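Asks: Need the 3D shape of this:
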Amino acid sequence: MFAKTSFRKNIHYGTLTVLDAKGRTHCFESPTGPHVTIRLTDPALHYRFFYNVQLAMGEAYMAGTLIIEQGTLREFMDICLGNIRQIDNAPLQRILNMARNIHAAVRTHNPIGHAQRKVAHHYDLKDDLFDLFLDSDRQYSCAYFARPDESLEVAQYRKKAHLAAKLLLEDGQRVLDIGSGWGGLGLFMADRAQITVDGVTLSAEQHKVSNERAWRAGMSDRVRFHLKDYRELDETYDRIVSVGMLEHVGPRHYGEYYNKIADLLSPSGVALIHTVGKFNEPGPLNPWIERYIFPGAYTPTLSEQMPWIERANLYITDVETLRLHYAETLRCWYENFQRNRQAVAEMYDERFCRMWEFYLTGCEYAFRHGILAVFQMQVSSGLDVVPLTRDYIGEFERAHPAVEDAPWTLKQAGD
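Replies: Numbering: from 1, shown residues only. As a prediction, this is how the structure comes out:
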C-alpha cells in the first residue's frame, strides 16, 4: 500500500498529487508552495517510499519510474526539501536514521589510500563534463554573490577574492591548498602576491590539468600541484586553505585533520577552511547523494568542528556563514547543465543526465530551505596574527574588484 498516512502527516509545504502505480490518486495539500503532480510506474515504490523515501525518490527519478506530470523538477524538489524536517522526524525515519549513522561510521572511514578511490568516483569523470556547467575557471564550490542576478563568472571571482582576503597574503609566503581542484584558487592567489603555492589533490585528472595550467600561466616555478594525501606532507606553511575538502574527511578523522593543519602551520600561520555544512544536529549525508554522487562523504556541523580545533591548540579567529550563496551557485550550474544537456547525454546517457539534474536541484533546495549552509572557519597559530577588526577583508576585495574575465581562467590557460 502507498505510504499515504506518512505523506499526509508530513507535507506542510506545497501541494503534491501522486498518481500511484495502480492508477489511484492521492493529493496532499498545503496553503503555500508550488503544485506538482508525479506518477509512479513501479508498484515497489509504494513500499520503498515508506521505508527509505530519500534514497527511493532519487533512484526512481533516475530510472524514469517517477514521472513529473505537472510542474518542474525544481518545484518538486522545492516541496521535497521544504518538508524534509517533518519526514526525518517521523518515528520510523528516526529509527532508520540511527541505522544510517552506524552505516556512515563505516563509509566515512578514510585512511590514506582508500580516500583516493572515493575522490575518483566523482572528480575523475570525463574532463569535458565540468566545462558544460561550471564557470570558465572550473570552480566547483560555492560562489560569492553580491546580488542574486550576478553572473557566475563574477561571483566565482568574488569567492576567490574573499578567500584570499581572509588569508592575509603577503609576498614571500608559502601557501598550501588542500584539495586544490583544477588549480584556479592557487593561480589566483599567486597572481596577486609573490608567494609559492603547493596544491594537493587526490584526483589524477585534476592533478594533470592544474599543473598544465600553471605551466601555461608561466607560474610553474612557484605554483605546483601534487597527487598526494595532505596527511603525507611534512613541511611548514604560512597559510593553508582548504575548500570543499572537509566534507570528505569524515567525523572519525576530524582530530587527525586539525592536528595536521596545526603541525603544518608556521607559528604565525593562518588557515581557512571552507566547507558545506549542516545547520542542525549532526547526522549522515542524504543516502542518495552518498551512494551516487559523493561516496563516503559527510556534511559537518559547526558543533562537531569546534572541539577538535580547540584540542589542536588553534585559535578560532573568524567564522562566517554563507546561507544562500550556494543555492544561487547551484541554480547557475543547473541552468548551464540544461543548456548543454544533449551534449551530456551523448557523453554519458539519459540516466546520467537525470541523476545530475536530481543532484543539482536537490542540493539547491537544501540550501534554500536552511538544511545546508557554507561555513568559512579561519584559524591561526598565534593570537595576534589576524587584525583586530574585519576591515582588512573589504579592503582587499576593493583592491581586487570582480571582473568578467579573470586572469588565468581554464580556457585561457589551455590556449
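
Asks: Pull out the buried positions in stretch 50-63.
Replies: By 16 or more other C-beta atoms under 10 Å, the buried positions in stretch 50-63 come out as 50, 52-62. Every C-beta, even on glycine, is put in place using the N, C-alpha and C of the backbone.

Asks: do the same with stretch 332-339
Replies: Burial within stretch 332-339, assessed by neighbour count using 16+ other C-beta under 10 Å, is assigned to 332-334, 336-337.

Asks: Just the closest of the buried residues of stretch 50-63 to residue 380, please.
Replies: Checking those against residue 380 with C-beta to C-beta, the nearest one is residue 54 at 38.7 Å.

Asks: Show me what the mean pLDDT comes to for the helix or strand harbouring the closest one.
Replies: Assessed by DSSP states H and E, residue 54 sits inside helix 45-63. Across helix 45-63, pLDDT averages out at 91.

Asks: Name every strand pairing with the next helix or strand after it and say which way it goes.
Replies: As assigned by DSSP H and E, the chain's next helix or strand after helix 45-63 is strand 66-70. With DSSP bridges as the test, strand 66-70 is paired with strand 35-40 (antiparallel).

Asks: mind listing what's buried in the strand it pairs with?
Replies: Using 16+ other C-beta under 10 Å as the test for burial, strand 35-40 gives 36-40.

Asks: same deal with stretch 11-20?
Replies: Residues of stretch 11-20 classed as buried: 11, 13-20 (neighbour count, 16+ other C-beta under 10 Å).

Asks: What of stretch 372-385?
Replies: Those would be 372-381, 385, for stretch 372-385 by 16+ other C-beta under 10 Å.

Asks: Those residues into JSON lines, with extra columns for secondary structure and distance to residue 141?
Replies: Below are the buried residues of stretch 372-385 laid out as JSON lines (DSSP: H, G, I helix; E, B strand; the rest coil; distance: C-beta to C-beta, whole Å):
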{"residue": "372", "secondary structure": "strand", "distance to residue 141": "13"}
{"residue": "373", "secondary structure": "strand", "distance to residue 141": "13"}
{"residue": "374", "secondary structure": "strand", "distance to residue 141": "8"}
{"residue": "375", "secondary structure": "strand", "distance to residue 141": "12"}
{"residue": "376", "secondary structure": "strand", "distance to residue 141": "11"}
{"residue": "377", "secondary structure": "strand", "distance to residue 141": "15"}
{"residue": "378", "secondary structure": "strand", "distance to residue 141": "17"}
{"residue": "379", "secondary structure": "strand", "distance to residue 141": "19"}
{"residue": "380", "secondary structure": "strand", "distance to residue 141": "22"}
{"residue": "381", "secondary structure": "coil", "distance to residue 141": "25"}
{"residue": "385", "secondary structure": "coil", "distance to residue 141": "25"}
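
Asks: how much space between residue 386 and residue 83?
Replies: 41 Å (C-beta to C-beta, to the nearest Å).

Asks: In terms of neighbours, single out the busier of the two.
Replies: More crowded of residue 386 and residue 83, by other C-beta atoms under 10 Å: residue 83, with 21 against 18.

Asks: That one is in contact with residue 15, isn't it?
Replies: No. The pair residue 83 / residue 15 is not scored as a contact, 11.4 Å apart, by C-beta atoms under 8 Å.

Asks: Need the overlap of contacts for the two.
Replies: Counting by C-beta atoms under 8 Å, 6 or more residues apart in numbering, no residue touches both residue 83 and residue 15.

Asks: In contact with residue 349, which residues?
Replies: Per C-beta under 8 Å, 6+ apart, neighbours of residue 349: none.
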